[in-house]
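Enquirer: Turn this into a model:
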Amino acid sequence: MTAGPDGPPGPLRDAEAVVLVGGQGVRLRPLTLSAPKPMLPTAGVPFLSHLLARIRAAGIEHVVLGTSYKAEVFAEHFGDGSAFGLELEYVVEDEPLDTAGAIRNVSHLLRERDVLVFNGDILSGLDLRSLVDTHRSSAAEVTLHLVKVDDPRQFGCVPTDADGRVTAFLEKTEDPPVDQINAGCYVFRRPVIEDIPAGRRVSVERETFPGLLADGKRLQGHVDSSYWLDMGTPAAYVRGSADLVRGELPSAALPGRPGEALVLPGARVAEDAVVDGGSTVGADAVVAAGAQVTGSMLFDGAHVGAGSEVRGCVIGAGARVGSGVTLRGAVIGDGAVVGDGCELLDGARVWPSVEIPAGGVRFSADRR
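Expert: Purely as a prediction, here's the structure:
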């Protein structure tokens, strides 16, 4: 079943999705103190909205969210999924189970032949139907989305043979033999999930996948060169949001047209202020006269004072940045205050409700 030229695709038959959203997002603190990482505002909506929009656009309708940290936030926002054209269900992980354990933990809600599994902090332009086609045409037990990276030393490598069959899973090394890495998206045959041990931590890369290879099962690689970004660090989070705003990765969930800036309803930007580089200005946020905001995110109710420069930063909800402030690569927590004339450089993090006094303070570390 396919769509007409102007409509969405038909259902992807015998397929459903699992999205793992249980992590605490430690690398993104202090932003994740108030919200799980997949629920952080990203190009005007929770990050998870962009992934769910891609899943729905591929024709998948049933999605199970594997939650843990602040689990209630997901259901409060997305409900049963009907407003998004989906059927959403939720499973709470009471204790850390690692990736394979978390997949096994939702297995009682699965009902289709093939299950797409997503890490909930990856931004990707992967063609999901093409991934499923690879999985089915190769008759694989599991198919892995693989991407090539410039420096694979910080990742585990996944070599494949001439037919795309995965041959090994290699730990991080200073001399990686290939540049292909696990991109955090898979297609499982449902019986494989049901065979994962229940009720304990299980790693896909250290236990499940090597065990399948040892048993002679087929694991297939789907190498793809489309947009891919792990959103786990503040710099990557800011970049991903900016890329969505500018349309470098199109998203049906973007609440506006792609461009240099996304200014949400109720925000106020002074006529002589500059907002560009894929910045987002949240609802009721303010960018005062002469300020420049480039490649940054202002959450709802944030305030940037007159003549301030904000580059590659995240300004939390209700936070206030004074006049004549310079921020580069900084993260300002919800409700924090940065006094006039301060300079906060790359790596600076101001935690929620902390107040940095005026007077030209310069730093590039945590303030709690």
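
Enquirer: For the spatially closest residue to Ile356 that is not a sequence neighbour, which residues are in contact?
Expert: Distances taken as CB to CB, 6 or more residues apart in numbering place Val338 nearest to Ile356, at 4.9 Å, with adjacent residues excluded. Where you see a C-beta, it was placed from the backbone N, CA and C, and this is true even at glycine. Contact analysis of Val338 by CB atoms under 8 Å, 6 or more residues apart in numbering lists 319-322, 325, 327, 332, 344, 350, 356.

Enquirer: can you check Thr99 too?
Expert: 20, 119, 202-205.

Enquirer: That one sits in which helix or strand?
Expert: Thr99 is part of helix 98-105, with elements assigned from DSSP states H and E.

Enquirer: Mind checking what helix or strand follows that helix in sequence?
Expert: strand 114-119.

Enquirer: centre of the chain versus that next one, how much separation?
Expert: Remark: strand 114-119 is offset 15 Å from the chain centroid, using CA atoms, centre = their mean, to the nearest Å.

Enquirer: what does the domain assignment say about this structure?
Expert: Annotated domains of the chain cover 15-234, 260-367 [automatic domain parsing].

Enquirer: so of these, which one's packed in deepest?
Expert: Stretch with highest mean neighbour count among those: domain 260-367 (a mean of 21; mean count of other CB atoms under 10 Å).

Enquirer: can you tell me the average pLDDT over it?
Expert: Taken as a whole, domain 260-367 has an average pLDDT of 92.

Enquirer: quick one on the thing from earlier: may I see the contacts of Val338 organised as JSON lines, with distance to Phe188 and secondary structure added?
Expert: Compiled in JSON lines, those are given as follows (distance: CB to CB, whole Å; DSSP: H, G, I helix; E, B strand; the rest coil):
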{"residue": "Ala319", "distance to Phe188": "42", "secondary structure": "coil"}
{"residue": "Arg320", "distance to Phe188": "47", "secondary structure": "strand"}
{"residue": "Val321", "distance to Phe188": "46", "secondary structure": "strand"}
{"residue": "Gly322", "distance to Phe188": "51", "secondary structure": "coil"}
{"residue": "Val325", "distance to Phe188": "49", "secondary structure": "coil"}
{"residue": "Leu327", "distance to Phe188": "43", "secondary structure": "strand"}
{"residue": "Ile332", "distance to Phe188": "40", "secondary structure": "strand"}
{"residue": "Leu344", "distance to Phe188": "44", "secondary structure": "strand"}
{"residue": "Val350", "distance to Phe188": "42", "secondary structure": "strand"}
{"residue": "Ile356", "distance to Phe188": "48", "secondary structure": "strand"}
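
Enquirer: So which of these is the closest to Ser296?
Expert: Ser296 lies nearest to Leu327 out of the contacts of Val338, by CB to CB, at 8.0 Å.

Enquirer: residues contacting Ala15?
Expert: Ala15 makes contact with 60, 112-116, 132, 187 under the criterion CB under 8 Å, 6+ apart.

Enquirer: what about the helix holding Thr99, distance to the chain center?
Expert: Centroid displacement of helix 98-105 relative to its chain, using CA atoms, centre = their mean, is 19 Å.

Enquirer: if we can go back for a sec, in the contacts of Ala15, find the pair that's most separated.
Expert: Using CB to CB, the contacts of Ala15 span at most 12.7 Å, a distance reached by Ile60 and Arg113.

Enquirer: For the domains of the chain, give me JSON lines that also has distance to Gly247.
Expert: Listed next are these as JSON lines, based on distance: least, CB to CB, whole Å:
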{"stretch": "domain 15-234", "distance to Gly247": "10"}
{"stretch": "domain 260-367", "distance to Gly247": "9"}
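
Enquirer: for those, which one sits closest to Val245?
Expert: domain 260-367 (4.0 Å).

Enquirer: That closest one: how far from the chain's middle?
Expert: Computed by CA atoms, centre = their mean, the separation of domain 260-367 from the middle of its chain amounts to 22 Å.

Enquirer: which residues in the protein form helices?
Expert: In the chain, the segments counted as helices under DSSP state H are 47-57, 72-78, 98-105, 128-138, 190-194, 209-214, 234-246.

Enquirer: coming back round to it: quick one: work out the angle between the helix holding Thr99 and strand 114-119.
Expert: 140 degrees (axes from the mean of the first three to the mean of the last three CA atoms, to 10 degrees).

Enquirer: Skipping adjacent residues, who's closest to Gly316 in space?
Expert: Nearest to Gly316 is Asp334, by CB to CB, 6+ apart, at 3.9 Å.

Enquirer: does the one you found really touch Arg320, like I thought?
Expert: No. Using CB atoms under 8 Å, Asp334 makes no contact with Arg320, being 11.0 Å away.

Enquirer: In JSON lines, list the helices of the chain along with mean pLDDT.
Expert: Putting the helices of the chain into JSON lines (pLDDT from 0 to 100) gives the following:
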{"stretch": "helix 47-57", "mean pLDDT": "95"}
{"stretch": "helix 72-78", "mean pLDDT": "91"}
{"stretch": "helix 98-105", "mean pLDDT": "93"}
{"stretch": "helix 128-138", "mean pLDDT": "96"}
{"stretch": "helix 190-194", "mean pLDDT": "96"}
{"stretch": "helix 209-214", "mean pLDDT": "94"}
{"stretch": "helix 234-246", "mean pLDDT": "95"}
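
Enquirer: Need those in CSV (columns: distance to Ala261).
Expert: Formatted as CSV, the helices of the chain follow (distance: least, CB to CB, whole Å):
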stretch, distance to Ala261
helix 47-57, 18
helix 72-78, 24
helix 98-105, 36
helix 128-138, 29
helix 190-194, 43
helix 209-214, 42
helix 234-246, 7
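
Enquirer: Tell me which of those helices sits nearest to His303.
Expert: With CB to CB as the criterion, His303 lies closest to helix 234-246 of those, at 18.7 Å.

Enquirer: just checking, what packs against that closest one?
Expert: Under the contact criterion of 3 or more CB pairs under 8 Å, 6 or more residues apart in numbering; DSSP states H and E, helix 234-246 touches strand 41-42, strand 122-124, strand 228-230, strand 279-281, strand 314-315.
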